[in-house]
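Novice: A predicted structure for the sequence below; I have some questions about it.
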Amino acid sequence: MSHLNVFDDKVPFIVRDNLWNYCINSTYRLGWEDTDVPEKYDLNIHSHWSVDELESTEILPHFKKCIDETDWFTNNKLSNNEFPLHISYDLVSNHRFFRMQNLFAKREYHTFESFKEIQIDNISTSARILIPLLAKDLWYSQVLEIDNKFLNLRKEAIDLLAEWNGEMSIYLPQPLIFYTWAAQFQKMVMQDEIGKNVNWFNSVNSNFIERVLRNINGASAWCDIKQTSKLETCEEISSKALDNALVTIANKYGQDIKKWLWGNYHKAYFSDKVLGKYPIISYLTNIVFEVSGGDDTLSMNLSLIHI
């Protein structure tokens, strides 16, 4: 007689029933304006239940356990390490999960407003992790292999990234510098291995880049260009990738680094299926606007490499 192994056991059934009862006692209804709700500042997310009643259901400890132990919130792995079967390699890094975990841990109870802040958060943990790895030999290095006109530009870019908190705001140049740098690095380490197929990777894979830069399971071997007799290092590739990124951005947006705004590059496009392809009419039917965030922020907006 066969039996079924249960791996989705983070929340017991009795607690799930309590959660259901809690939800149906919520005062929220579809279409409500939060500013008009008198219970706006309740700790208990607009429920008729008190905080004590909510705690008595034993829901919160299980939520905290899920947040602390499980990576299932942010499009990353859906099972724990004990799960015996392969599911997919097509999972994002844990960077968004780390950010969510950090924001959840900042307070014991959350309100509608705090959940809304989490949902629109545009801090990139990927940027915070990758920039020190990409730039670790560049912060104080002045040995440059680039035209003199880019010397100050390179220093200014490095200085801007050094003081940046990872906010992927449309009003900042740092997100564009970081993203283009990461994209160039990814392309350079892949191209000698897979050739033209590198164009299939149309977004930055921060998980892959981190593994290469940290040399996880020998991943730094990607940095060596197979077609040369020299053994290239990740530090060398990172430096050249930065140079390529600066030249690429400067050619498109000019020499003034303050005008390299993320919003000029990172835009949302809504095109009319029928009229959107006609040059003049599309100006009236299609909608384009700048948007903050990126691939690895909680406010997730896919960033395709097109620079």
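Specialist: That came in fine, so what should we check first?
Novice: hmm, Met300 and Ser203 touching each other?
Specialist: No: checked against C-beta atoms under 8 Å, the pair Ser203 and Met300 is beyond contact range at 11.6 Å. Heads up, the C-betas are built off the backbone N, CA and C, glycines and all.
Novice: start to end distance for stretch 104-114?
Specialist: By C-alpha to C-alpha, to the nearest Å, the extent of stretch 104-114 from end to end equals 9 Å.
Novice: in this protein, which spans are strands?
Specialist: Remark: strands assigned in the chain by DSSP state E are 267-270, 287-290.
Novice: okay, the ones you listed in CSV with mean neighbour count and distance to Leu246 next?
Specialist: Formatted as CSV, the strands of the chain follow (neighbours: other C-beta atoms under 10 Å; distance: least, C-beta to C-beta, whole Å):
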stretch, mean neighbour count, distance to Leu246
strand 267-270, 11, 22
strand 287-290, 12, 22
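Novice: wait, which of those strands is closest to Cys234?
Specialist: Closest to Cys234 of the strands of the chain is strand 267-270 (C-beta to C-beta; 31.6 Å).
Novice: same for the closest one, what does it pack against?
Specialist: Judged by 3 or more C-beta pairs under 8 Å, 6 or more residues apart in numbering; DSSP states H and E, strand 267-270 is in contact with strand 287-290.
Novice: helices along the stretch 151-300 of the chain, start to end?
Specialist: 151-162, 174-194, 206-213, 234-253, 262-265, 279-285 (DSSP state H, counting those that start in this stretch).
Novice: so which of those helices is nearest Ala127?
Specialist: With C-beta to C-beta as the criterion, Ala127 lies closest to helix 174-194 of the helices of the stretch 151-300 of the chain, at 5.1 Å.
Novice: same for the closest one, what does it pack against?
Specialist: helix 125-134, helix 151-162, helix 206-213, helix 234-253, helix 262-265.
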